[in-house]
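Trainee: Sharing a sequence plus its predicted fold:
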Amino acid sequence: MAEEYEDTELLEILKREESASVGYESDQIYTDQIEAFKRYTGEDYGDEQAGRSRVHDRTVFEVIEWLRPDLVRVFASGGRAVNVEPWADGVAEEAEGASDYLNHLFFEEMEGEQLVDAFSFDGLLQKRGVGACYWRDAELGDPQEMQGGQVELQRLQEQGAQILGVEPIDEMTANISYQLVTRKARPHAQIIAPEDFRIASRSTSLEKPRYCGHIERPTKSELKEEFPDLADKIDEYATDVDDLTDIDERRAQRFWDEDEMYKEETTASDEAMEVRLWREYIYFDKDGDGYAELLEVFRLDGCILTVEEVDDNPYFSWTPIPIPHRWFGMSIYDIAKDIQKIKTALLRGALDSVYLSVAPRTIANSKVNLSDLLTVRPGAVIRTNSTNPVGQDVMPFVTPDMSGSALQMMEVVDQMGEARTGVTRNAQGMDPDSLNKTATGIKLMQNAASIRKEQIARNLGRGIEMMFRKIYRLVVKNAQGPDSIHVGKGNFQTFNPSQWPAEAKVRVHVGMGTGDRETMLNQQMMILGLQREMVANYGMSNPIVGITELHNSVEEIGRIIGKRTVDPFFKDPAALAQTPEGQQALQQMSQPKPDPKAQEAEAKMKMEQQKLQVDQQVKQAEMQQSAQMEQVKLQQQQAGDEQKAQLELQKMEREFELKRYQIDQEMALKAEQLSMELQMKQSQFEQELAMKERLGIQANKAKMNGSGTSGVHVGGEPG
């Protein structure tokens, strides 16, 4: 617990350590950090000349701003930045829960993307990015009272309310005094401005520096709230930030465009004044036992407020290009500053050459009116007192345009910068010149450039990993029991950090691979393909790849494509295992798969049986079809015979009718012929009879007349 401490010796040691710390006002690091910010913002170099070009190249700015989104995407795009490795056998589920809890804190409650962005920016520009992790106690609301029984008291405790007192009224009810939690106790991470951080000279890391610390700038009122018992001391020793006797030029450079306005700003009240508060960590033998303890010291400029013995300092840091055995590495400014200077000189020279070719200088004698000559506007008259021809008094001084050579040289310098920084034009989107290059060539250049960026990302990953280790320790040390967090879609999950071990392996994996997101996705899909092949060959119950490993691959694919969770698309096997139905489904999926050869033989036998069954079915079908065809044929034949018999009968009937008709006609004809013959014979008979009668009459007449005649008679007997 922090306690008030009076020790002038410790105070003097702290002041000496601060003045001797790396990056203090007197060393080269201090100057480099100021200059780096000037080059990032494009301020003048100080060697500009009147009438000449004053433009600036912005190489430092461009490289940093191309790297920042890449670095943020690597660690913050998938919603899972850290993994806690299992600390013993059978605790994989608890380790996974710890990972989920830390990722939730980082992304949902600490604004993780902004932390990564600020952390990376400080390292890229000013050699080192530094942050700190602290534990913030819960904030409580105003005290309240209510009457209730055991049920109401238990409900308040479940809500996390702090019970101030319980006064019984009777056997069933009591007056309950309590305070509701307005903000849960949580770890807090912040990025510290480089000009505010201090570390002992010749330090190489944050593991055990002799001295380290930083400056905070709370208001006097906030400081009194944090140290209410030291209000008088705060009033006496608090130093206004506006005190110009101790100004840090790096901080002034950060606010270069508002510094004058800030100096003229007046504080509304003394309690709202910002003060300098040093938060320092130093190894010092406080108890005189001959061993130095690590102390956390809060102090103002002239006094120490509190001292507390602690286990570790809260800081984490990174540098883009580490130099072994040294605290400060190299920044993007360090490797690109000369490139920017050269390109600035070439660009200014090219523009000056263009200016002189467009508006050349003029040669004039003493008789020309210089005022007219210096007045440059369209149609302006230049007067002269000379009687010479105009061309002899005034003539342009022609300067050749050399901008082409300067621009060609800038191209060479650009290539130098790309080789140093790893940020190439082919990795910055569509470059017009890239249209004339092969896709394979561009891919190779991008992959080569990504190697440098990947190394920078890995260095940043070490710093973020250090931050998560400190957050983990804070959570385990200060957790007061189970904690329920919202995991999406109205679902809550409960974790109990107090049951986790004090130390665990916390890993941040940099998954940039060989370049872009598409490449990473293809690589993960290849892993998933191998997993599926192994499951297909050896079954889901094989000891290498199971349901959990497949789900991990799916989660990794989701992280690569920017999904913080794949729960809307795939159910988590761990969540399924919590229900009887899910356990049954998982057991069914995990049933051992038979031997591939036996399975192949069984499949072959099944195929033979199926083939035999198919053949039998085909033969039966053919027999049935043949029988049906025979039956149909017989039916058709019977129908044909019946039809034929019918036709024959009809034919016979027609023939009979025809015969009968013919007979009738013949009989009618014969009857008619007989009738005609009879008529003819009758007519002939009648004629013969008539003739005989005439002959007989004539004979009788002759006899009667006595004519002699022979005995010969004409004709004969009738008949």
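Mentor: Alright, I've got the coordinates.
Trainee: hey, where'd the strands end up in the stretch 351-500 of the chain?
Mentor: All strands of the stretch 351-500 of the chain, identified by DSSP state E, counting those that start in this stretch, fall at 361-364, 394-397, 483-488, 491-495.
Trainee: how close does the residue nearest the centre of the chain sit to Leu102?
Mentor: The centroid of the chain falls nearest to Gly562 when counting by Cα atoms, centre = their mean (1.8 Å). As judged by Cβ to Cβ, to the nearest Å, Gly562 and Leu102 stand 20 Å apart. Any C-beta I mention is one placed from the backbone N, CA and C, and that applies to glycine too.
Trainee: and the longest helix for the chain?
Mentor: Using DSSP state H, we find that the single longest helix of the chain is helix 596-705.
Trainee: tell me which strands and helices that helix is in contact with?
Mentor: Where contact means 3 or more Cβ pairs under 8 Å, 6 or more residues apart in numbering; DSSP states H and E, helix 596-705 is not packed against any helix or strand.
Trainee: can you count the residues close to the residue nearest to Glu85 when sequence neighbours are not counted?
Mentor: Setting aside the residues directly before and after it, Glu85 is nearest to Lys505 in space (Cβ to Cβ, 6 or more residues apart in numbering), at 4.2 Å. Residues near Lys505, counting by other Cβ atoms under 10 Å, number 13.
Trainee: Touching, Lys505 and Val84? I think so.
Mentor: Yes. Lys505 is within contact range of Val84, at 7.2 Å (criterion: Cβ atoms under 8 Å).
Trainee: and Arg279, that one's in a helix?
Mentor: No. Arg279: not assigned to a helix; according to DSSP: H, G, I helix; E, B strand; the rest coil it is strand.
Trainee: So in terms of bridging, what pairs with it?
Mentor: Following DSSP bridges, Arg279 is listed with bridge partners His214, Phe298.
Trainee: and it, how far is that from Leu102?
Mentor: 24 Å.
Trainee: And Gly391, by the same measure?
Mentor: 83 Å.
Trainee: Between the two, tell me which one has more neighbours.
Mentor: Neighbours per residue, other Cβ under 10 Å: of Gly391 and Leu102, the larger number sits with Leu102, 23 against 7.
Trainee: Tell me which helix or strand the more buried one sits in.
Mentor: Using DSSP states H and E, Leu102 sits within helix 92-104.
Trainee: what residues does whatever helix or strand comes next after that helix touch?
Mentor: Next helix or strand after helix 92-104 toward the C-terminus (DSSP H and E): helix 112-126. Here helix 112-126 makes contact (Cβ atoms under 8 Å, 6 or more residues apart in numbering) with 33, 36-37, 40, 60, 64, 67-68, 71-72, 75-76, 81, 106-107, 128-131, 189, 191, 193-194, 317-320, 331-333, 456, 459-460, 463-464.
Trainee: Spatially nearest residue to Ile321 (excluding sequence neighbours)?
Mentor: In space, and not counting its chain neighbours, Ile321 is closest to Met330: 4.1 Å by Cβ to Cβ, 6+ apart.
Trainee: doesn't Ala336 make contact with that neighbour?
Mentor: No. Counting by Cβ under 8 Å, Ala336 is not a contact partner of Met330; they are 10.3 Å apart.
Trainee: ok, those two, which is more surrounded?
Mentor: Neighbours were counted for Met330 and for Ala336 using other Cβ under 10 Å; Ala336 has more, 25 against 14.
Trainee: show me what contacts the more buried one?
Mentor: 59-60, 63, 417, 420-421.
Trainee: the domain parsing of the protein - what is it?
Mentor: 1-43+212-312, 57-137+185-209+315-338+448-510, 139-184, 517-589 (automatic domain parsing).
Trainee: Thank you kindly, that will do.
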